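In: I would like to see how this sequence folds:
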Amino acid sequence: MFEPQNTHGAGRVGDPEGEPFGFKFEGQPLEAFSCDTIASALLAAGVRTFTVTEVSGDARGGFCFVGRCADCLVIIDGQANQRACITPVRAGMDVRIQHGHGPVERQATS
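Out: Take a look at the predicted model:
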């Protein structure tokens, strides 16, 4: 079950425009606005972990927030390796923490 890790600093700077809508993170309902990226909506809700590294199991929650690094990779509607910092959130979206490289489809070659 999803629990915000640390709500210190959670919230928004200023008032977002528009009506709020819902999406899910780890199966739990959260609220977002049309101006949000997935990362901004998660941070406003107190979520600090988007990705868990494959080898060490370290929690990552974003680093650059401009789409250049891999610290905010999440699984969106079943698609792994999506950058939360540059992906606009949509109503009904299902977002999951990505563990390692996420599901990888491999084709066997002979």
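In: okay, CA-based contacts and neighbour counts for the rest of this
Out: Noted.
In: Low-confidence regions, this protein specifically.
Out: 1-11, 13-14, 103-110 (pLDDT under 70).
In: Can you show me the helices along it?
Out: 38-44 (DSSP state H).
In: The closest residue to Thr49 other than its chain neighbours: neighbouring residues, count only.
Out: With sequence-adjacent residues excluded and distances taken as Cα to Cα, 6 or more residues apart in numbering, Thr49 is closest to Gly61, at 4.5 Å. A count of neighbours around Gly61, defined by other Cα atoms under 10 Å, yields 22.
In: Does Gln82 touch Ala70 like I think?
Out: No. Gln82 is beyond contact range of Ala70, at 9.0 Å (criterion: Cα atoms under 8 Å).
In: In terms of neighbours, single out the busier of those two.
Out: When neighbours are counted by other Cα under 10 Å, Gln82 and Ala70 differ, and Ala70 comes out ahead with 21 against 18.
In: if I look at the more buried one, how far off is Leu43?
Out: According to Cα to Cα, to the nearest Å, Ala70 stands 17 Å off from Leu43.
In: can you check Asp77 too?
Out: Applying Cα to Cα, the value for Asp77 to Leu43 is 19 Å.
In: Looking at the two, which one has more neighbours?
Out: Using other Cα under 10 Å, the more surrounded residue of Asp77 and Leu43 is Leu43, with 22 against 12.
In: Now Gly92: closest residue in space that isn't a chain neighbour?
Out: In space, Gly92 is closest to Phe23, 4.5 Å off (Cα to Cα, 6+ apart).
In: Thanks again, I'm all set now.
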